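A.B. asks: Next comes the sequence, and after it the predicted model I'd like to discuss.
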Amino acid sequence: MGDHNIDDRNRIPNPLKSGASNIKAFVSFKNSTDRVVDVVWMNFNGQRQSFTENSLAQGQQLNMHTYEGHPWIARDKLTADMLEFVDHGVGKLVYMPEPWDGRRGYRAPIVKIRVPMFSLYERSLQVVRQLLRNKDDVDELEIPKQVKYDLSHVRDIIPHAP
């Protein structure tokens with residue numbers, strides 16, 4: 001990838017996957033973007049499982065019963081761009097649920113999903129991708145090979161399981 005993309009020091013362990021847990025957790029994911037969102041659980045094999053079959057539109061919430069040690073990620077449904085969770089005021093690319101304390105009347109935390117601060121380079125790639133009619137049009141552009149590659153491959157610092 002080009003040097004202009006997200007710093008590899010922020011890379012998540014490969015593969016990011018759920019651990020065995022009996023400790024219940026509850027969360028309510030809220031789409032605070034103007035994008036259509038896909039909320040994804042990283043399963044025990046590190047594979048992605050979408051929990052928003054019909055997507056999560058702006059302002060919608062998804063109430064989840066999950067477990068401690070089960071990671072979640074969010075993506076733009078149309079572009080696959082990374083989105084982030086706001087947990088205790090901090091933006092995170094991976095949400096790790098907090099365990100339920102067992103109290104009655106417990107209210108699941110509302111974790112907002114937002115668009116992260118992309119680098120100018122990454123944001124430029126996103127805009128150019130939107131302007132292209134199809135992926136083959138990238139080859140017609142008179143730009144460096146690395147930029148063509150970056151246009152053809154949406155950056156994702158969360159590794160896919162084999």
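C.D. replies: Cool, the structure landed. Just so it is clear, the structure is predicted and the values come from calculations on it, not from any experiment. Residues are numbered from 1 along each chain as shown.
A.B. asks: Every contact and neighbour count from this point should use C-alpha atoms.
C.D. replies: OK.
A.B. asks: What are the boundaries of the helices in this protein?
C.D. replies: 120-131, 145-152 (DSSP state H).
A.B. asks: Bridged to the residue positioned nearest the centre of the chain, which residues?
C.D. replies: Nearest to the mean C-alpha position of the chain, counting by C-alpha atoms, centre = their mean, stands Ala74 at 2.9 Å. As for beta bridges, Ala74 partners with Val39, Leu83 under DSSP bridges.
A.B. asks: any idea how far it is from Ala25?
C.D. replies: Applying C-alpha to C-alpha, to the nearest Å, the value for Ala74 to Ala25 is 18 Å.
A.B. asks: And Arg75, by the same measure?
C.D. replies: 22 Å.
A.B. asks: again with Phe118
C.D. replies: 30 Å.
A.B. asks: The two: which is more packed in?
C.D. replies: Ala25 (21 against 14; other C-alpha atoms under 10 Å).
A.B. asks: and that one, what is it in contact with?
C.D. replies: His65, Thr66, Tyr67, Glu68, Pro97, Glu98, Pro99, Trp100 (C-alpha atoms under 8 Å, 6 or more residues apart in numbering).
A.B. asks: neighbours around the nearest residue to the fifth one once chain neighbours are set aside, how many?
C.D. replies: In space, Pro97 comes closest to Glu68 once its chain neighbours are excluded; the distance is 5.5 Å by C-alpha to C-alpha, 6 or more residues apart in numbering. The burial metric for Glu68, expressed as a neighbour count using other C-alpha under 10 Å, is 19.
A.B. asks: next one: Glu53
C.D. replies: 9.
A.B. asks: for Arg35, same thing?
C.D. replies: For Arg35, using other C-alpha under 10 Å, the count is 20.
A.B. asks: got it, and the one 10 residues further on?
C.D. replies: Residues contacting Asn45 under the criterion other C-alpha under 10 Å number 14.
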